[in-house]
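J.: sequence? don't have it. structure:
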Ligand SMILES: NC(=O)c1ccc[n+]([C@@H]2O[C@H](COP(=O)([O-])OP(=O)(O)OC[C@H]3O[C@@H](n4cnc5c(N)ncnc54)[C@H](O)[C@@H]3O)[C@@H](O)[C@H]2O)c1
Ligand SMILES: [Zn+2]
């Protein structure tokens, strides 16, 4: 195995470690032993139908060989599983298998499984411990920080809680089975962490693009480590998003509008956020009077295979602005956007005027 990297999320008694490296999945039982999970504790692995055939059996065998009683629940793949229906099915399964307050949930999969399994863990018998075992690049963002949620038919992530995992065990080797589009999409959030916080990381990503996209070690683990480092730092300062944590939403208010207008099938989350980051960077230039930042952001994102303009969209500016106002981050009618004062330095700007947004959108391609 390559080098094992470790990061700590400092949240007092809710502090935990993130372990990152290639091949960690084969050693989950030894991490559990280090975490003092004893073999009388039942373990429920929650995964999805794409990930299960690839990785669940190995994990199950490792845990059973170490003496753990292990159960597995496989949800359908995709966003539709973050539903009340799936949540109820898992609860029923857990009760039928006689899981109890000492039991442990392992979330094996991408952000969908992490959010769903985390929400199950946060509410089963008023909360049982859970461990994130992410298998997508994008999940560096969802597995760290403790936001867990399911969707309501009327909106995404409307039912959830803040519930920190006991640990994150991140095996970068699992990325090799990801479809190419998921790799690019995952890198959108890695690039986001760099753009809002860490100029040396931006430079590193510019230089090491080929190795990163070829999923080459040690570059891959380094990219995930540095992205998690930004997320960890921000979350440690503001666990419940009352202040600085909002900067992690850079590009997201635009992105959510594009995802929603495209009915969640035209763009992946990472693609929509990528376009959103370029537009937010252009808006930043007009507000702060800077130059060159948006071009650099756009160049970097397209180098990572991501769209930087709305070529496939046929939406009007008023449709986009209206969707942005429907975002759950809009408070009392004030549209607050994360902007870049300069590269590596983001802030939440309150009450951005719709006229300014319209002006920037007018300059974008694919918008009428
Ligand atoms: N909680 C948070 O802070 C937070 C942050 C960002 C995103 N999210 C959530 O994350 C979700 C998106 O996460 P995602 O992009 O990982 O989506 P996902 O979990 O749906 O995974 C994407 C696809 O890849 C498949 N897959 C996963 N791992 C694989 C592997 N190793 N090999 C092959 N296929 C694999 C999945 O089955 C799925 O089809 C959204 O629901 C979003 O709301 C949450
Ligand atoms: Zn995101």
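T.: Looks like it came in fine. Fair warning: this is a prediction, and the values are worked out from it, not measured in the lab. Ligands and ions are numbered 1, 2, ... in the order given.
J.: Around ligand 1, which positions in the stretch 251-368 of the chain sit nearby?
T.: Taking Cβ under 6 Å from any ligand atom, the part of the stretch 251-368 of the chain that reaches ligand 1 is made up of residue 269. Yep, even glycine has a C-beta here, placed from its N, CA and C like the rest.
J.: and if you look at the stretch 101-250 of the chain?
T.: Residues of the stretch 101-250 of the chain found near ligand 1 (Cβ under 6 Å from any ligand atom) are 109-113, 115, 135-136, 138-139, 141-142, 145, 147, 157, 174, 177-178, 182.
J.: The same query, at a cut-off of 8 Å, please.
T.: 109-115, 118, 134-139, 141-149, 151, 156-157, 174-179, 182, 185-186, 189 (Cβ under 8 Å from any ligand atom).
J.: Relative to residue 208, how far out is residue 216?
T.: Residue 216 is 9 Å from residue 208, where distance means Cβ to Cβ, to the nearest Å.
J.: the more surrounded of those two?
T.: Using other Cβ atoms under 10 Å, the more surrounded residue of residue 216 and residue 208 is residue 208, with 16 against 12.
J.: need the contact list for the spatially closest residue to residue 118 that is not a sequence neighbour.
T.: Once flanking residues are discounted, residue 118 sits nearest to residue 148: 3.1 Å by Cβ to Cβ, 6 or more residues apart in numbering. Going by Cβ atoms under 8 Å, 6 or more residues apart in numbering, residue 148 touches 114, 115, 118, 119, 121, 122, 160, 161, 162, 163.
J.: Now which of these would you call buried?
T.: 114, 115, 118, 119, 121, 122, 160, 162, 163 (16 or more other Cβ atoms under 10 Å).
J.: Can you tell me which of the residues you listed is nearest residue 202?
T.: residue 114 (26.3 Å; Cβ to Cβ).
J.: Isn't residue 132 up against residue 115?
T.: No - using Cβ atoms under 8 Å as the test, residue 132 is too far from residue 115 to be in contact (10.1 Å).
J.: Just the buried residues from the residues of the stretch 101-250 of the chain next to ligand 1, in ChimeraX please.
T.: A single ChimeraX command selects the buried members of those (16+ other Cβ under 10 Å):
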select :109,110,111,112,113,114,115,118,134,135,136,137,138,139,141,142,143,144,145,146,147,148,149,151,156,174,175,178,182,185,186,189
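J.: re earlier: is the residue nearest to residue 118 in a bridge, and if so with what?
T.: When assigned by DSSP bridges, residue 148 has beta-bridge partners residue 161.
J.: Now intersect the buried ones among the contacts of residue 148 with the helices, please.
T.: Among these, the members falling in helices (DSSP state H) are 114, 115, 118, 119, 121, 122.
J.: Including pLDDT, could those residues go into JSON lines?
T.: Converted to JSON lines, these look like this (pLDDT from 0 to 100):
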{"residue": "114", "pLDDT": "98"}
{"residue": "115", "pLDDT": "98"}
{"residue": "118", "pLDDT": "98"}
{"residue": "119", "pLDDT": "98"}
{"residue": "121", "pLDDT": "98"}
{"residue": "122", "pLDDT": "98"}
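J.: what's the closest of these to ligand 1?
T.: Of all these, ligand 1 sits closest to residue 115, with 5.1 Å by Cβ to the nearest ligand atom.
J.: if I pick the closest one, what's in contact with it?
T.: With Cβ under 8 Å, 6+ apart, residue 115 has these contacts: 82, 142, 147, 148, 149, 150, 157, 160.
J.: what does residue 97 give?
T.: Taking Cβ under 8 Å, 6+ apart as the test, what residue 97 contacts is 42, 44, 71.
J.: Residue 329 now?
T.: Contacts of residue 329 by Cβ under 8 Å, 6+ apart are 246, 249, 252, 253, 336.
J.: in a helix, that's where residue 318 is, yeah?
T.: Yes - per DSSP: H, G, I helix; E, B strand; the rest coil, residue 318 lies within a helix segment.
J.: What separation do you get for it and residue 324?
T.: Applying Cβ to Cβ to residue 318 and residue 324 gives a distance of 11 Å.
J.: Just want to know which of the two has more residues nearby.
T.: residue 324 (23 against 12).
J.: Residue 135 against residue 169, yeah?
T.: No - look at residue 135 against residue 169 with Cβ under 8 Å: they stay out of range, at 10.6 Å.
J.: where does residue 208 land on pLDDT?
T.: On pLDDT, residue 208 comes in at 98.
J.: before we move on, back to that, export the contacts of residue 148 as CSV, with columns for distance to residue 99.
T.: Shown next, in CSV, are those (distance: Cβ to Cβ, whole Å):
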residue, distance to residue 99
114, 19
115, 20
118, 16
119, 15
121, 10
122, 14
160, 21
161, 19
162, 22
163, 17
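J.: How confident is the prediction for the closest residue to ligand 1 within the stretch 201-350 of the chain, by pLDDT?
T.: With Cβ to the nearest ligand atom, the shortest gap between the stretch 201-350 of the chain and ligand 1 falls at residue 269, namely 5.7 Å. Residue 269 carries a pLDDT value of 93.
J.: show me the contacts for it.
T.: Each residue near residue 269 by Cβ under 8 Å, 6+ apart is listed here: 138, 185, 188, 255, 259.
J.: Likewise for residue 31?
T.: Applying Cβ under 8 Å, 6+ apart, one finds that residue 31 lies in contact with 19, 24, 167, 169.
J.: try residue 213
T.: With contact set as Cβ under 8 Å, 6+ apart, residue 213 has these partners: 183, 184, 187, 304, 305.
J.: One more: residue 358?
T.: 317, 321.
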